[in-house]
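**Q** below are the sequence and a predicted model; questions follow.
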Amino acid sequence: MSSRELLRTYASILTELVKRGVTRSRNAPVGELAELLVQRAYGGILAPSNAKSWDVESADGRNIQVKARLVVPGATRAEQYSPFRSWDFDVCVFITFDAHTYDVLLALEVPAVEVQQLATAVPHVGATAARVSTRTPLGAAPGAVDVTPQVRAAMSELE
């Protein structure tokens with residue numbers, strides 16, 4: 001299969017994911033997939049696409065920021081989640097997916113105040129931007145909760 005044919009196939013796959021409601025756009029699906037999984041795992045609702053700072057409102061009313069990253073299992077290189085530009089959310093759910101299979105490797109819920117403590121500034125992105133990487137000890141943060149089973153369950157329910 002040529003590179004051009006691969007791109008056409010990829011575009012068809014993205015279109016089908018939108019039709020099935022797995023994603024809302026034809027962009028690379030990892031971020032929107034993560035938001036959908038958190039929405040289902042928490043019994044919440046997806047934020048409007050123009051909402052800033054949060055992606056899902058949980059059934060108990062918390063605003064959740066979702067950060068996702070594809071990683072190659074066994075790789076030693078740290079991967080960075082997209083930067084935070086504001087802190088107007090209650091918790092962040094960080095999800096790492098296997099880059100080869102999209103299996104959920106880990107999902108951690110961390111209170112916003114703890115994320116802010118762990119994040120490092122990224123001056124070239126913006127004065128308020130901060131970044132967290134896959135090497136950041138998120139699981140050791142006070143109030144961190146491993147929600148991997150719930151997110152994996154939501155993934156297994158996808159058709």
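**A** Everything's here; your move.
**Q** are we agreed that L6 is in a helix?
**A** Yes - secondary structure assignment places L6 in a helix (DSSP: H, G, I helix; E, B strand; the rest coil).
**Q** please tell me how far it sits from I13.
**A** According to C-beta to C-beta, to the nearest Å, L6 and I13 sit 10 Å apart. Yep, even glycine has a C-beta here, placed from its N, CA and C like the rest.
**Q** could you do V91 as well?
**A** V91 is 31 Å from I13, by C-beta to C-beta.
**Q** pLDDT value on A99, please?
**A** The model reports A99 with a pLDDT of 93.
**Q** now the terminal residues of stretch 111-123, how far apart.
**A** 23 Å (C-alpha to C-alpha, to the nearest Å).
**Q** can you mark which positions in it are buried?
**A** The neighbour-count check on stretch 111-123 (16 or more other C-beta atoms under 10 Å) flags P111, A112, E114, V115, L118, A119, V122 as buried.
**Q** so which of those residues are in helices?
**A** A112, E114, V115, L118 (DSSP state H).
**Q** including distance to S156 and pLDDT, could the residues you listed go into a markdown table?
**A** A markdown table is the format used below for those (distance: C-beta to C-beta, whole Å; pLDDT from 0 to 100):
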| residue | distance to S156 | pLDDT |
| --- | --- | --- |
| A112 | 28 | 96 |
| E114 | 29 | 94 |
| V115 | 27 | 93 |
| L118 | 30 | 89 |
